[in-house]
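In: sequence-free structure coming up:
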DNA sequence: AGTCAATCATACCAACTGGTTGGAGGCAAT
DNA sequence: ATTGCCTCCAACCAGTTGGTATGATTGACT
């Protein structure tokens, strides 16, 4: 007869899940604790038992969401393939597939883009987390490309670190475009992106 | 002895200017009317005399800000140059120069990126404005490239509309990266971008 | 069975949100 | 000079914000 579930780990997970939806929808600043509490089906007291407040909730969510996401989408694929260009092409294909798999009106860009875009430089300590993610992301791509160059799988004339920024731009930019313009541009963008990556292969 | 300025057009401009700063800093949702009013040095009554409310203020700001900005940064340069690849390279150079000209801690990505990123699909009527801007942007790039192909200044093998999405991704992505990672990546990104555009030239 | 700390809910708060009101100050035409 | 209108302001409103205080319920351990 317990309405009290007494299941702290499940409650915590429900809160983070509800917060997730609020954050990617409205951004970190506009996210409302009351809405998070309501959608999670819990109460404010419960939330404040598990988290010290909004800032703490955001911080913990960032720390538990962004690294695994980056790892799943980029670090792990880059680490397992031995040809970075093949890996990135596959990552891009996956990204498009993931976007298209969600109905347009339910689509929200990846937290790696939306949330990062909504963080202000003065929003310590969130800004630090964002920067770490961004650096990890950039370094992973750059190192994979550099390694590919040593193995003669990537053209020797490019500068790995520079090309990495370029590639990340592509990934972030297409999410915003999909959000604003709809899915129709996705296949064309993908073809262009794959073709560009092919130009990085050795002659 | 009038503290009342009695200058409606100046007051309206002050409000929009103050709103501009609030919007690009916190996004559309988290923007606070009270802060806008305070920074503008006017009162809420005055704001509500000039605008019907927050939604109206945002709408009018969007309509008066985004189109001129898009025109200045993209449409006009694309229209005046007769070689679209030269034009885009110049646009990219300008974009980097503009970013670098602002101290990092005062930098906020262009409204064309940040604000567009903060609009939710269900945020009518803002979503319509965003989509129009995005379509205009995409079409301008695509048509310029297509025209360049006819004049043998752009490689005939590319698909103009597809390459346009690609190019816009680059522009949006680099602003987010600059915001999150700092300016150090900008020169490298620019070199990659220029080199990529060179690959679109006829053999 | 009784204790105890962890978990969660109820009710509440001050501060702030977007929004409203009535009227004061100034300008122009009469 | 008076009238009427536009511009703007101070004070206020109801609702919501993030955040608390306190007590009820629970499971684990004796």
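Out: Nice, thanks for sending it over. These numbers come from a predicted model, not from an experiment.

In: the bottom helix or strand of chain A by mean pLDDT?
Out: helix A:114-118 (a mean of 86; mean pLDDT, DSSP states H and E).

In: So is that helix next to chain B?
Out: Yes - judged by CB under 8 Å from any CB of the partner chain, helix A:114-118 and chain B are in contact via A:114, A:116, A:117, A:118. For the C-beta atoms, the positions are set from N, CA and C on the backbone; glycine is no exception.

In: roughly how far apart are the nearest residue to the third one once chain neighbours are set aside and residue A:109?
Out: Leaving out its chain neighbours, the residue that sits closest to residue A:117 by CB to CB, 6 or more residues apart in numbering or on different chains is residue B:117, at 4.3 Å. Spatial separation of residue B:117 from residue A:109 under the definition CB to CB, to the nearest Å is 7 Å.

In: of these two, who's got more company?
Out: residue B:117 (27 against 21; other CB atoms under 10 Å in any protein chain shown).

In: and that one, how far is that from residue A:73?
Out: Distance from residue B:117 to residue A:73, by CB to CB: 18 Å.

In: Ok, residue A:194 next?
Out: Taken as CB to CB, the span from residue A:194 to residue A:73 is 17 Å.

In: Which one's more surrounded, these two?
Out: Legend: neighbour count by other CB under 10 Å for residue A:194 and residue A:73, higher for residue A:73 (18 against 15).

In: so that one touches residue A:111, yeah?
Out: No - counting by CB atoms under 8 Å, residue A:73 does not reach residue A:111; the two are 10.7 Å apart.

In: Can you list the low-confidence ranges for chain A?
Out: Filtered on pLDDT under 70, chain A yields the residue ranges A:1-6.

In: How about the secondary structure of the residue of it found nearest DNA strand C?
Out: Closest residue of chain A to DNA strand C, CB to the nearest atom of the strand: residue A:45 (2.6 Å). With DSSP: H, G, I helix; E, B strand; the rest coil as the basis, residue A:45 sits in helix.

In: can I see the domain layout of chain A?
Out: Per automatic domain parsing, the domain ranges recorded for chain A read A:1-51, A:54-199.

In: does chain B sit close to the shortest one?
Out: Think domain A:1-51. Yes - Domain A:1-51 comes into contact with chain B (CB under 8 Å from any CB), by way of A:25, A:26, A:27, A:29, A:30.

In: Quick check: of these, which lies closest to residue A:125?
Out: residue A:29 (14.8 Å; CB to CB).

In: Run a quick neighbour tally on the closest one.
Out: Neighbours around residue A:29, by other CB under 10 Å: 20.

In: show me what contacts it?
Out: A:118, A:120, B:26, B:27, B:29, B:30 (CB atoms under 8 Å, 6 or more residues apart in numbering or on different chains).

In: hmm, whatever helix or strand it lives in in reach of DNA strand C?
Out: Secondary structure assignment for residue A:29, by DSSP states H and E: helix A:8-30. Yes - Helix A:8-30 comes into contact with DNA strand C (CB under 7 Å from any atom of the strand), by way of A:8, A:10, A:11, A:12.

In: again with stretch A:109-125
Out: No - applying CB under 7 Å from any atom of the strand, one finds stretch A:109-125 separated from DNA strand C by no less than 14.9 Å.

In: Can you point out the buried residues in that stretch?
Out: Buried positions in stretch A:109-125, judged by neighbour count with 16 or more other CB atoms under 10 Å in any protein chain shown: A:109-121, A:123.

In: Say whether DNA strand D is contacted by that stretch.
Out: No - using CB under 7 Å from any atom of the strand, we find that stretch A:109-125 stays clear of DNA strand D, coming within 13.7 Å at best.

In: can you give me how far that stretch is from the chain middle?
Out: Centroid separation for stretch A:109-125 versus its chain: 10 Å, with CA atoms, centre = their mean, to the nearest Å.

In: which one of the domains of chain A is the most hemmed in?
Out: The highest average neighbour count among the domains of chain A, using mean count of other CB atoms under 10 Å in any protein chain shown, belongs to domain A:54-199 at a mean of 18.

In: how distant is that domain from the center of its chain?
Out: 7 Å.

In: what about that domain, how long is it end to end?
Out: End-to-end distance for domain A:54-199: 46 Å, by CA to CA, to the nearest Å.

In: show me where chain A has helices.
Out: Using DSSP state H, the helices of chain A run over residues A:8-30, A:33-40, A:44-50, A:54-70, A:76-80, A:84-100, A:114-118, A:126-150, A:160-181, A:186-199.

In: between those, which one is nearest to residue B:168?
Out: Short answer: helix A:160-181, nearest of the helices of chain A by CB to CB, at 6.2 Å.

In: does chain B sit close to the closest one?
Out: Yes - Helix A:160-181 comes into contact with chain B (CB under 8 Å from any CB), by way of A:161-163, A:165-166, A:168-174, A:176-177, A:179-181.

In: Could you do stretch A:130-142 as well?
Out: Yes - contact of stretch A:130-142 with chain B (CB under 8 Å from any CB) involves A:130, A:131, A:133, A:134, A:135, A:138.

In: cool, and stretch A:83-101?
Out: No - under the criterion of CB under 8 Å from any CB, stretch A:83-101 makes no contact with chain B; the nearest approach is 10.8 Å.

In: nearest to DNA strand D, of the residues of stretch A:130-142 next to chain B?
Out: Using CB to the nearest atom of the strand, the residues of stretch A:130-142 next to chain B come closest to DNA strand D at residue A:130, 19.8 Å.

In: ok, now which ones touch the closest one?
Out: Here residue A:130 is in contact with A:62, A:66, A:116, A:119, B:180 (criterion: CB under 8 Å, 6+ apart).

In: now for those, which pair is the farthest apart?
Out: Top of the distance list for those (CB to CB): A:62 and B:180, 12.6 Å.

In: center of chain A, which residue is that?
Out: Nearest to the geometric centre of chain A sits residue A:112, at 2.7 Å (CA atoms, centre = their mean).

In: That one contacts residue A:73, doesn't it?
Out: Yes - in this structure, residue A:112 is within contact of residue A:73 by CB under 8 Å, at 7.4 Å.

In: got the contact list for stretch A:30-46?
Out: A:11, A:14-15, A:17-19, A:21-23, A:26, A:47, A:54, A:57-58, B:26-27, B:29-30.

In: chain center to it, what's the gap?
Out: The answer for stretch A:30-46 is 24 Å, by CA atoms, centre = their mean.

In: Fine by me, thanks again.
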